Structure formats: structure tokens, C-alpha cells
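1. next one to model:
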Amino acid sequence: MKVNDLTYRIRSYINSLNPRERYVLLFGAAAVFVFLMIRLIVFPLAGKQKALARALVEKKLALSEMTALQREYEAIRQQASRASSRFQSRQPGFTLFSFLDTLAGRAGVKGNIVYMKPSTASAGEAGQELSVVEMKLDAVNLERLVGYLRMIETSPNMVFVKRLSITRQEKTAGGVDVLMQVETVKG
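-> Numbers count the residues shown, from 1 in each chain. Got it, this is the predicted structure:
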């Protein structure tokens, strides 16, 4: 059967229908056409739009996370730059042991030092070497100890108290026994 024959048969069938049947047939064809348009065009477009909206939300979250990481990176980079400049401004020949000993004399706690044990340690992943001094102070005045700790922590030499143990001294009123570990990056 040829296309022309099929077209002729459909036309003759439609012409043989009464007007009411033609409207029903036309309405049915329009409904099928609308259904196919919705099913084949509208639903896929709506699905793509939802996928694009989800992707947009994910990209916005990733962007906000990246900007937060960028701010954090910049803060760390600035902190590292300040630390590097402070490290470079240290006096040549700086040693943690002599630095702590000098500060102890200034703070008035040098006579309370029982021992000072210098050592070195590795700084983990950074691969830098740390200079560490463990020291014990006996029957030290609390106010002098606070002054000594303040001098250590506020010095521009990047020296930090890593561990601190304070025990009340029973023999001396107002005195404490102190065991502390102080460290800095070896230069």
C-alpha cells in the first residue's frame, strides 16, 4: 500500500463520519498530540531544569567552600610570613637555653632553678628541628613565675611554653614548684 492510497482511505473514512463523530475524533487526536508533547518535550525539559538547579546549588556550595578555604589559606600564609620575619630577626647564635637563663635572671627566678635539660625534637611533618628545654623551678614566688612566663611567651624570638605543671609548695608560703617544657624552632 502506498502513502497516497492510505491518505485517500483516511480522508474518505473521515468524510463518511457525521459532524459529532468528527469532533470526537479530532478531540482524541488533539489529546494524544498534547499528551505526546507533554511526555516527550515538557517532562524532559522540566527534569533537566531540576538537574540544572541542583547542579547550580552544588556549585554555589563548592564556591562558598572554596572562598572560605582561600580566606583560611591567606590567613595562614600571612601568619607564616609574620613568623618567618620574626624568625629571621632573631639574634645570630640564639640558643633557647641561654635565652631562658637570661630571662630567669631578669624575672628573679634564677635562684629557684633546680635543673634545665636541653634537647632537640623533630617537628613532625614540617621536618623542622625544635630546640626544647625542660626546666624545674622549686619554691618560686607565683608573681615572679607569672612575670617569667609572660617574658617567655611575649618575646619576639618565637619561644613557647609547651607544657606547664604547677604544684603548690607546702614548705614555703606562697611558693610553687614548677615543671615546664619550653620550645622554639631551631635556627
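
2. residues touching the one helix or strand in the chain whose mean pLDDT sits lowest, excluding its own?
-> Every helix and strand of the chain was ranked by mean pLDDT, DSSP states H and E. The lowest is helix 3-16, at a mean of 78. Contact partners of helix 3-16, identified using CB atoms under 8 Å, 6 or more residues apart in numbering, comprise R22, L25. For the C-beta atoms, the positions are set from N, CA and C on the backbone; glycine is no exception.

3. avg pLDDT for the very next helix or strand once past it?
-> In the C-terminal direction, the helix or strand that comes right after helix 3-16 (DSSP states H and E) is helix 19-37. Summarised as a single mean, pLDDT over helix 19-37 is 87.

4. same question for stretch 40-60.
-> 86.

5. now stretch 138-147
-> Here stretch 138-147 scores 88 as its mean pLDDT.

6. quick check: end-to-end length of that stretch?
-> 16 Å (CA to CA, to the nearest Å).

7. what about the least confident helix or strand of the chain, distance to the chain center?
-> In terms of CA atoms, centre = their mean, to the nearest Å, the centre of helix 3-16 is found 74 Å from the chain centre.

8. report the angle between the axes of it and helix 19-37?
-> 130 degrees (axes from the mean of the first three to the mean of the last three CA atoms, to 10 degrees).

9. CA atoms of helix 3-16 as PDB?
-> Coordinates of each C-alpha in helix 3-16 appear next as PDB, following Å, rounded to 0.1, in the frame of the first residue of the first chain:
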ATOM      1  CA  VAL A   3       1.200   6.500   1.100                       C
ATOM      2  CA  ASN A   4      -1.300   8.200  -1.300                       C
ATOM      3  CA  ASP A   5      -3.700   5.200  -1.000                       C
ATOM      4  CA  LEU A   6      -3.500   5.400   2.800                       C
ATOM      5  CA  THR A   7      -4.200   9.100   2.800                       C
ATOM      6  CA  TYR A   8      -7.100   8.700   0.400                       C
ATOM      7  CA  ARG A   9      -8.700   5.900   2.700                       C
ATOM      8  CA  ILE A  10      -8.300   8.100   5.800                       C
ATOM      9  CA  ARG A  11      -9.900  11.100   4.100                       C
ATOM     10  CA  SER A  12     -12.800   9.000   2.800                       C
ATOM     11  CA  TYR A  13     -13.300   7.500   6.300                       C
ATOM     12  CA  ILE A  14     -13.300  10.900   7.900                       C
ATOM     13  CA  ASN A  15     -15.800  12.300   5.300                       C
ATOM     14  CA  SER A  16     -18.100   9.400   6.000                       C
END
